[in-house]
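Visitor: the amino acid sequence is not available; the structure is as follows:
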């Protein structure tokens, strides 16, 4: 049976039309941001430079695509229409089923829908893993930089151990089905996910020590929400059934956090060593503030500029890491629509068909590029102050 | 200085011991051993047979004894067949003395590769040589281009050249090897047909421009952006120094000032950056060699990890950890040497 095709111009129009929820959300956010930019602080200043606007645009584009993936994507990412195997871009599904805008892959699935759904996986794991890495790195980096001495030597040695591992070797050792069987990822998750709870509990305790009514409320909330997420993620036993994570995804998550927290640790440690020589720290110490209050409420807020820039770059780097994992077929399910897996599948067939390979590559590249541009613009802005 | 280097070497040895022990622990986890036994025997072997194979080949000995044997501080016992009382090598492709002996890393014996059916040394060193060639060409293309971009961009901060070069280098840092590899293959191999999309022939028939350009290009492009940005930052800083202004005011030409006064000081920081790139260059090697089917170190690592080839994987880890730590040491020593303001205590 002969397939019908639509023209290149119609493909472009079709793709633009499919993204309508994204354009709508982008238009609202941009209009609001431009209108209130004077009041929005650092975020508002981003709109002063072309690089900043481009970065915000690309990041928000993928964010909204991930949120509205089920409306944007015309097909189910796993649905196969046998006749569409390796169909070229713009092929019309017979019987009025719709159009494969970017063609079909070797298993006759819609490349466009897979790309759109792939963004969900990346945009959930990458920022979340970066956030956890930041908490772990900050909780360990603050005392290392502040106290120095033996704590610093031990923690730095451990961080250097992890950093001396080539990332790919680390993943080959940590992310395998065999490792999931041994329960090692669960132990590591149990350890890592404690850090945010410790972090917030210390944060509130040091600040509101003398105001018990606020303290108990905030501590209670931290332990309740933290414990809920903790039970859901580590033991997969969320009583409400909202939070759950597949064992292989937990494995990836833990590996990525493990690989990137030493980097955060080093940055936080360096920043703390720099900031602790300032006069306002001496003032806080003279006031008799506890070390942890000084670290969390005096040093950390003043280190936020470089940390925000680093977080942006790190989300991009984590995206690249996830792609690497997908490319080597580690951790993620073989039919998973994430970009790395899609690149792996299609790059083997480049000689015959190139169209399944290009959408995921450009998606990954543009998202990382957006984050890097955002980081660059943020750095420029913070340099001006 | 000497004391500093010695102390660093000491730390390096401790780090390597710790890391190899971690790797040793990970590759000897129960599921991995089972996988190895299955790959060596048969999919349908009963569990008892797998277990007896593991016991026979010494995989069930105490963890620390085995780690000591691998390092070469504990004697390896010959594999004596209880029925005949004769010593037979564990693997037919590996020679093994019939009496107890020390045979580990310290003696230069890396063990046997169960996947490639040969000794690890016979597989690992040629692979490293092949990767060395790849790395050489990557460095030869990457470093000059990156430095040039960085210097041109940092020479006049805020100019149009600076802005466009900066955006270009940000773009290259956003393209990991598996992305640029696909894009380059599509452009240069599928559409234009100028280059070969596979470097498999480079192993057997030698390296040519036709089969080796794509891997080198793919690896270099990701690093260029990062080094260029570091060079730019360093160059910008140097160009605002007083001595540059003095040199300009006494009437030297702009290009003369850049070449004679700025360059030398601006290139100290990129040197350390280039040295610290090795950890992820190793990742890049693995991706590129898998993608272009070039039989080097990365390819060997993937094969070893995929088949749980314990000795080969341990050898690969040892080499890569050594490379990372050694380049860190060179970068620190070189930095102190190049920049007299830094003094090592």
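Guide: Sure, I can see it. Keep in mind the model is a prediction, meaning the values are calculated, not measured.

Visitor: does residue A:124 touch residue A:66 like I think?
Guide: Yes. Assessed by Cβ atoms under 8 Å, residue A:124 is found in contact with residue A:66 at 7.5 Å. Every residue, glycine included, has its C-beta placed from N, CA and C.

Visitor: packing partners for the helix or strand containing residue B:121?
Guide: Using DSSP states H and E, residue B:121 sits within helix B:120-155. Secondary-structure packing of helix B:120-155 (3 or more Cβ pairs under 8 Å, 6 or more residues apart in numbering or on different chains; DSSP states H and E): strand B:112-113, helix B:160-173, helix B:209-239, helix B:263-266, helix B:268-276, helix B:278-292, helix B:297-306, helix B:310-338.

Visitor: let me know which of the ones you listed is tucked in deepest.
Guide: Of all the helices and strands packed on helix B:120-155, strand B:112-113 carries the top mean neighbour count, a mean of 26, counting by mean count of other Cβ atoms under 10 Å in any protein chain shown.

Visitor: possible to save the helices and strands packed on helix B:120-155 as CSV with distance to chain A and mean pLDDT?
Guide: Output for the helices and strands packed on helix B:120-155, formatted as CSV (distance: least, Cβ to the nearest Cβ, whole Å; pLDDT from 0 to 100):
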stretch, distance to chain A, mean pLDDT
strand B:112-113, 16, 78
helix B:160-173, 5, 88
helix B:209-239, 9, 85
helix B:263-266, 19, 80
helix B:268-276, 10, 78
helix B:278-292, 4, 84
helix B:297-306, 4, 86
helix B:310-338, 5, 83
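
Visitor: export the ones you listed to CSV and tack on distance to residue A:58?
Guide: Formatted as CSV, these follow (distance: least, Cβ to Cβ, whole Å):
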stretch, distance to residue A:58
strand B:112-113, 46
helix B:160-173, 12
helix B:209-239, 17
helix B:263-266, 32
helix B:268-276, 26
helix B:278-292, 24
helix B:297-306, 31
helix B:310-338, 33
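
Visitor: related to what we said a few turns ago, which of residue A:124 and residue A:66 has more neighbours?
Guide: Using other Cβ atoms under 10 Å in any protein chain shown as the criterion, residue A:124 and residue A:66 rank with residue A:66 on top: 20 against 13.

Visitor: helix or strand: which one has the more buried one?
Guide: Secondary structure assignment for residue A:66, by DSSP H and E: helix A:50-67.

Visitor: could you give me the average pLDDT of stretch A:218-228?
Guide: Averaged over stretch A:218-228, pLDDT sits at 89.

Visitor: buried stuff in it?
Guide: A:218, A:219, A:222, A:226 (16 or more other Cβ atoms under 10 Å in any protein chain shown).

Visitor: on that earlier part again, elements contacting the helix or strand that the helix holding residue A:66 is followed by?
Guide: Sequence-wise, the next helix or strand downstream of helix A:50-67 (DSSP H and E) is helix A:69-72. Counting contacts by 3+ Cβ pairs under 8 Å, 6+ apart, helix A:69-72 is packed against helix A:20-35, helix A:111-147.

Visitor: helix, strand, or coil at residue A:237?
Guide: coil (DSSP: H, G, I helix; E, B strand; the rest coil).

Visitor: contacting residues for the residue in the stretch 1-150 of chain B positioned nearest to chain A?
Guide: Residue of the stretch 1-150 of chain B nearest chain A, by Cβ to the nearest Cβ: residue B:31 (3.1 Å). For residue B:31, the contact set (Cβ atoms under 8 Å, 6 or more residues apart in numbering or on different chains) comprises A:176, A:177, A:178, A:179, A:181, A:182.

Visitor: nearest to residue B:132, of those residues?
Guide: residue A:176 (29.0 Å; Cβ to Cβ).

Visitor: could you confirm residue B:3 falls within a helix?
Guide: Yes. Judged by three-state DSSP, residue B:3 forms part of a helix.

Visitor: what about the closest residue to residue A:302 other than its chain neighbours, distance to residue A:314?
Guide: Counting by Cβ to Cβ, 6 or more residues apart in numbering or on different chains, residue A:302 lies nearest to residue A:275, which is 5.5 Å off, once chain neighbours are set aside. From residue A:275 across to residue A:314, the span is 20 Å (Cβ to Cβ, to the nearest Å).

Visitor: ok, the two, which is more surrounded?
Guide: Between residue A:275 and residue A:314, counted using other Cβ under 10 Å, the more crowded position is residue A:314 (26 against 19).

Visitor: count of residues packed around the nearest residue to residue A:18 once chain neighbours are set aside?
Guide: Distances taken as Cβ to Cβ, 6+ apart place residue A:72 nearest to residue A:18, at 5.5 Å, with adjacent residues excluded. By other Cβ under 10 Å, 22 other residues sit near residue A:72.

Visitor: so residue A:72 makes contact with residue A:115?
Guide: No. Using Cβ under 8 Å, residue A:72 is not in contact with residue A:115, being 9.8 Å away.

Visitor: residue contacts, the spatially most central residue of chain B?
Guide: Of all residues in chain B, the one closest to the mean position by Cα atoms, centre = their mean is residue B:282, 3.2 Å from it. Neighbouring residues of residue B:282 by Cβ under 8 Å, 6+ apart: A:166, A:168, B:298, B:320, B:323, B:324.

Visitor: one more time with 7 Å, if that's ok
Guide: By Cβ atoms under 7 Å, 6 or more residues apart in numbering or on different chains, the residues touching residue B:282 are A:166, B:320, B:323.

Visitor: need these in CSV (columns: distance to residue A:303).
Guide: Listed next are the contacts of residue B:282 as CSV, based on distance: Cβ to Cβ, whole Å:
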residue, distance to residue A:303
A:166, 29
B:320, 32
B:323, 32
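
Visitor: got a list of what residue A:127 touches?
Guide: Contacts of residue A:127 by Cβ under 7 Å, 6+ apart are residue A:315.

Visitor: and if you look at residue A:25?
Guide: Taking Cβ under 7 Å, 6+ apart as the criterion, residue A:25 is in contact with residue A:64.

Visitor: give me the element the residue of chain A found nearest chain B is part of.
Guide: Nearest residue of chain A to chain B (Cβ to the nearest Cβ) works out as residue A:178 at 3.1 Å. Counting by DSSP H and E, the element that carries residue A:178 is helix A:177-182.

Visitor: now the helix or strand that that helix is followed by: buried residues?
Guide: The first helix or strand that comes after helix A:177-182 along the chain, using DSSP H and E, is helix A:184-192. Across helix A:184-192, burial judged by 16+ other Cβ under 10 Å covers A:184, A:185, A:186, A:188, A:189, A:192.

Visitor: number of nearby residues for the closest residue to residue A:357 other than its chain neighbours?
Guide: The shortest distance from residue A:357 to any residue other than its chain neighbours is 3.8 Å, reached at residue A:346 (Cβ to Cβ, 6+ apart). Residues near residue A:346, counting by other Cβ under 10 Å, number 22.

Visitor: my guess is residue A:69 contacts residue A:115. True?
Guide: No. If you go by Cβ atoms under 7 Å, residue A:69 and residue A:115 don't touch, sitting 9.8 Å apart.

Visitor: as a markdown table, the buried residues of stretch A:218-228 with distance to chain B and secondary structure would be great.
Guide: Below are the buried residues of stretch A:218-228 laid out as a markdown table (distance: Cβ to the nearest Cβ, whole Å; DSSP: H, G, I helix; E, B strand; the rest coil):
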| residue | distance to chain B | secondary structure |
| --- | --- | --- |
| A:218 | 38 | helix |
| A:219 | 36 | helix |
| A:222 | 33 | helix |
| A:226 | 29 | helix |
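
Visitor: now, among those, which is nearest to residue A:40?
Guide: residue A:218 (26.6 Å).

Visitor: how far away is the closest one from residue A:211?
Guide: Counting by Cβ to Cβ, the gap from residue A:218 to residue A:211 is 10 Å.
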